[in-house]
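[1] quick one: sequence and predicted model below, then my questions.
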Amino acid sequence: MAGLGAEKKIVVVIGGGVAGSLVAKSLQNNANIFLIDEKEYFEITWASLRSMVEPSFAKRSVISHSEYLSAVVNITDTDVLTKKGSQIPYDYLVVATDHTQNSASTKTEKISQY
């Protein structure tokens, strides 16, 4: 994405689920990435069944990512505004929002569901 001497582009990824995390991880060396998600955790969703029958496994399949914890409240052609009041400019925007199957917003709440 960025050539020698070129300034890295800013990519904002909204949604820290599987798709958003994969996009952010794959671009992290070539762009300045901002990953925004309202949940404080990343859930390995395909491990949910095992977590239901073996609740202790949930601690390994629900991973913290609270460093960028926030929710998006507005998107313009050039910026994203978060609930915490941060205004993040971007060159590229990826919207990879997750499904809203449950109401757990913290890692502890999610693990307790199992």
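    Perfect, thanks for sending it. Residues are numbered from 1 along each chain as shown.

[2] helices of this protein, residue ranges please.
    Using DSSP state H, the helices of the chain run over residues 18-27, 48-53, 58-61, 107-113.

[3] roughly how far does the residue nearest the centre of the chain sit from Glu54?
    By C-alpha atoms, centre = their mean, the chain has its centre lying nearest to Gly16, at 1.7 Å. According to C-beta to C-beta, to the nearest Å, Gly16 and Glu54 sit 25 Å apart. In short, each C-beta sits where N, CA and C put it, glycine included.

[4] with Phe42 instead?
    For Phe42, the distance to Glu54 - C-beta to C-beta - is 19 Å.

[5] among these two, which residue is more densely surrounded?
    Neighbour comparison, Phe42 and Glu54: the larger count goes to Phe42, with 20 against 11 (by other C-beta atoms under 10 Å).

[6] enumerate the beta-bridge partners assigned to the more buried one.
    Taking DSSP bridges as the rule, Phe42 bridges to Ile63.

[7] number of residues surrounding the residue nearest to Tyr92 when sequence neighbours are not counted?
    Among residues not flanking Tyr92 along the chain, Val11 sits closest, at 4.6 Å (C-beta to C-beta, 6 or more residues apart in numbering). The tally of other residues near Val11 (other C-beta under 10 Å) stands at 21.

[8] repeat that for the one 4 residues further on.
    The burial metric for Gly15, expressed as a neighbour count using other C-beta under 10 Å, is 21.

[9] give me the low-pLDDT residue ranges for the chain?
    Along the chain, the model assigns pLDDT under 70 to residues 1-5, 66-69, 98-103.
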